[in-house]
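Chemist: what's the 3D shape of this:
(one chain, ligands or ions: 1)
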Amino acid sequence: MARLESFDKLVSLSKRRGFIFQSSEIYGGINACYDYGPLGVELKRNVKQMWWNAMTRQHDNIVGLDAAILMHPKVWEASGHVGGFTDPLVDCKKCKTRFREDTLPEANMKSKECPECGGELTESRQFNLMFKTQMGAVEDTASTIYLRPETAQGIFVNFPNVVDTSRQQIPFGIAQIGKAFRNEITPGNFIFRTREFEQMEMQFFVNPEEADEWFETWKERRMAFYDTIGIDRENLRFHEHGPDELAHYARAAFDVEYKFPIGWSELEGIHNRADFDLKQHEEFSGKNMGYRDPQTNKVYTPFIIETSAGCDRTTLAAMCEAYEEETLEDGSVRTVMHFHPRLAPIKVAILPLVKKGGLKELATEIKDQLKSHFNVFYDEKGAIGRRYRRMDEAGTPYCVTIDFDTLDDKAVTVRDRDSMDQIRVPIAELQAWLAERILIS
Ligand code: ATP
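Modeler: Residues are numbered from 1 along each chain as shown. A predicted model of the protein is given here:
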């Protein structure tokens with residue numbers, strides 16, 4: 001299957017069918033901000049639901065959390081975000097090393113040259129990724145707070161609460177899905193890099209001696225997840241961070257990368273964060289963040305294995321993976337989104353051939369039977385061929401057509417999105433027939 005060469009076709013399909021719109025479009029839009037339309041919101045919810053199930057339902061030792069976006073400003077001091085992101089930065093265009101402008105020798109700044117490799121330095125810029133805002137009615141520095149740039153800190157600060165209330169013992173994890181905000185210097189590539197996005201993060205707390213083993217386990221499990229949402233293993237790979245790429249908190253880091261039209265790019269980060277976060281919060285809050293092993297009674301600071309995935313990027317990868325322009329036997333081209341049935345925004349389309357002759361009433365009855373089981377879409381207008389094509393672009397795995405034979409044989413025609421094969425299925429068996437293919441496949 002030919003792969004997408006750019007995001008352009010996806011952008012226009014998204015607008016045409018209602019997956020994703022430019023934010024505030026009637027005002028000319030706002031750079032790199034997007035709204036999920038009727039199909040997109042379903043698709044994204046399915047991505048989140050599958051991740052949530054894979055984490056919390058499939059693991060007895062992972063619990064969920066939904067922390068506030070606005071947190072105490074000290075959180076971001078402890079995490080390193082306040083200090084770490086407000087320096088004037090310059091990048092070396094050649095070796096990509098990053099420097100604090102104020103620590104560079106004068107000579108280098110004058111010649112705009114990198115000390116190690118002699119490459120050219122960029123202009124310096126204020127690199128504060130966090131969005132600042134004011135809390136309360138009085139505008140003073142004490143009321144400055146931040147929109148969280150990652151969901152992880154909400155998990156770390158709640159570690160003692162979860163230990164005290166959930167009956168979990170190490171090793172265990174806390175999963176969270178939520179919005180994060182970064183004032184990215186170069187956002188772009190559709191929903192790949194935006195300033196407001198959603199993360200799906202699971203922080204796994206382990207005994208330091210077992211951290212390396214758990215790191216390997218989570219690498220494997222996370223890679224396996226992408227198979228369950230229909231992403232071909234050939235289009236995925238690991239990228240290991242070298243010593244110069246490692247974040248200040250990380251002992252080891254691998255990215256899961258997907259082969260996007262812009263090239264191999266990060267979908268998810270898997271990090272061994274060691275005891276950095278809990279130790280920092282212990283120091284800054286003065287609260288004990290240690291863990292008492294119930295067997296040995298020994299207190300220690302757990303290590304954290306982090307799996308941090310982007311919800312929007314996963315949705316974008318699923319869209320890239322699904323997209324096909326298929327040339328049919330008659331030479332015409334149909335655009336079809338081959339979503340995994342579990343991800344498909346609409347599972348079943350109910351299409352009476354015509355409105356007259358009792359077909360509309362029967363189709364409505366079938367729709368009402370199915371709608372408590374699946375997301376069903378009803379469409380009675382226009383030529384049937386055109387209605388099929390619209391559903392192909394929406395990625396609907398099955399179209400159910402009600403025709404005049406249905407009145408006699410109590411069966412419907414079910415059209416398969418991918419093969420376009422059509423078979424008759426008795427109405428009485430329809431729900432089970434669909435459930436088997438949509439929920440189990
Ligand atoms: P990148 O190198 O692409 O900026 P990152 O290494 O800073 O990403 P993390 O901090 O590890 O990213 O965040 C975890 C995940 O959150 C990323 O793998 C990505 O899927 C998602 N993510 C991060 N920043 C953005 C963004 N600006 N827009 C959309 N998704 C993002």
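Chemist: for the residue in the chain that the ligand sits nearest to, give me its contacts.
Modeler: Relative to the ligand, the nearest point of the chain is Gly310 (2.2 Å; CB to the nearest ligand atom). No exception for glycine: its C-beta is placed from N, CA and C like everyone else's. Residues in contact with Gly310 (CB atoms under 8 Å, 6 or more residues apart in numbering) are Phe197, Glu198, Gln199, Met200, Glu266, Leu267, Glu268.
Chemist: got it, and Cys95?
Modeler: Counting by CB under 8 Å, 6+ apart, Cys95 makes contact with Cys114, Glu116, Cys117, Gly119.
Chemist: which residue packs closest to the last one, ignoring adjacent ones?
Modeler: Once its chain neighbours are removed from consideration, Gly119 has its nearest residue in Lys94; the separation is 2.7 Å (CB to CB, 6 or more residues apart in numbering).
Chemist: thought Pro115 was touching that neighbour, still the case?
Modeler: No. With contact defined as CB atoms under 8 Å, Lys94 does not count as touching Pro115 (12.0 Å).
Chemist: would you turn the contacts of Gly310 into CSV with secondary structure, neighbour count and pLDDT?
Modeler: Listed next are the contacts of Gly310 as CSV, based on DSSP: H, G, I helix; E, B strand; the rest coil; neighbours: other CB atoms under 10 Å; pLDDT from 0 to 100:
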residue, secondary structure, neighbour count, pLDDT
Phe197, strand, 21, 98
Glu198, strand, 20, 98
Gln199, strand, 21, 98
Met200, strand, 24, 98
Glu266, strand, 17, 97
Leu267, strand, 21, 98
Glu268, strand, 24, 98
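Chemist: the residues you listed also near the ligand: which ones?
Modeler: Among these, the ones lying near the ligand by CB under 6 Å from any ligand atom are Phe197, Gln199, Glu266, Leu267, Glu268.
Chemist: closest to Ala224 among those residues?
Modeler: Here the nearest of the ones next to the ligand among the contacts of Gly310 to Ala224, counting by CB to CB, is Glu268; it sits at 12.5 Å.
Chemist: tell me which residues form a beta bridge with that closest one?
Modeler: Following DSSP bridges, Glu268 is listed with bridge partners Val256, Ala309.
Chemist: surely it is in contact with Ser308?
Modeler: Yes. The pair Glu268 and Ser308 passes the contact test of CB under 8 Å, sitting 6.3 Å apart.
Chemist: and the stretch 51-200 of the chain, which residues reach the ligand?
Modeler: Going by CB under 6 Å from any ligand atom, the residues of the stretch 51-200 of the chain near the ligand are Glu150, Arg182, Glu184, Arg193, Thr194, Phe197, Gln199.
Chemist: so the second one sits against Leu129, correct?
Modeler: Translated: Arg182. Yes. Contact criterion CB under 8 Å: Arg182 and Leu129 qualify, at 4.6 Å.
Chemist: and the two? Which one has more around it.
Modeler: Arg182 (20 against 17; other CB atoms under 10 Å).
Chemist: who's in contact with the more buried one?
Modeler: Contacts of Arg182 (CB under 8 Å, 6+ apart): Leu129, Met130, Phe131, Pro149, Arg195, Phe197.
Chemist: pull the contacting residues for Gly242.
Modeler: If a contact means CB under 8 Å, 6+ apart, then Gly242 has no contacts.
Chemist: any weak-confidence spans in the stretch 1-150 of the chain?
Modeler: Filtered on pLDDT under 70, the stretch 1-150 of the chain yields the residue ranges 1-2, 85-88, 99-100, 102-103, 139-142.
Chemist: where do the strands sit along it?
Modeler: Remark: strands assigned in the stretch 1-150 of the chain by DSSP state E, counting those that start in this stretch are 20-22, 34-36, 62-65, 88-91, 98-100, 125-126, 132-134, 144-146.
Chemist: reformat those as CSV; add mean neighbour count.
Modeler: Supplementary listing: these in CSV, determined by neighbours: other CB atoms under 10 Å:
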stretch, mean neighbour count
strand 20-22, 20
strand 34-36, 18
strand 62-65, 18
strand 88-91, 18
strand 98-100, 15
strand 125-126, 11
strand 132-134, 12
strand 144-146, 18
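Chemist: redo those as CSV? Include distance to Met337.
Modeler: Shown next, in CSV, are those (distance: least, CB to CB, whole Å):
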stretch, distance to Met337
strand 20-22, 13
strand 34-36, 15
strand 62-65, 30
strand 88-91, 38
strand 98-100, 39
strand 125-126, 39
strand 132-134, 38
strand 144-146, 37
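Chemist: Ser332 is nearest to which of the ones you listed?
Modeler: If we rank these by CB to CB, the stretch that ends up nearest is strand 20-22, at 26.3 Å.
Chemist: what sits up against stretch 397-411?
Modeler: Contacts of stretch 397-411 (CB under 8 Å, 6+ apart): 339, 341, 344, 347-353, 357-359, 362-363, 366, 384, 387-388, 391, 412-418, 422, 424-428, 430, 434, 437-438.
Chemist: wait, stretch 204-215
Modeler: Contacts of stretch 204-215 (CB under 8 Å, 6+ apart): 62, 159, 170-174, 218, 251-252, 270, 272, 274-275, 291, 293, 300-307.
Chemist: before we move on, what about stretch 372-389?
Modeler: Contact partners of stretch 372-389, identified using CB under 8 Å, 6+ apart, comprise 42, 334-335, 345-353, 355, 360, 363-364, 367, 370, 390-391, 394, 396, 399, 401, 415, 431, 434-435, 438.
Chemist: quick check, central residue of this structure?
Modeler: Nearest to the geometric centre of the chain sits Cys311, at 1.1 Å (CA atoms, centre = their mean).
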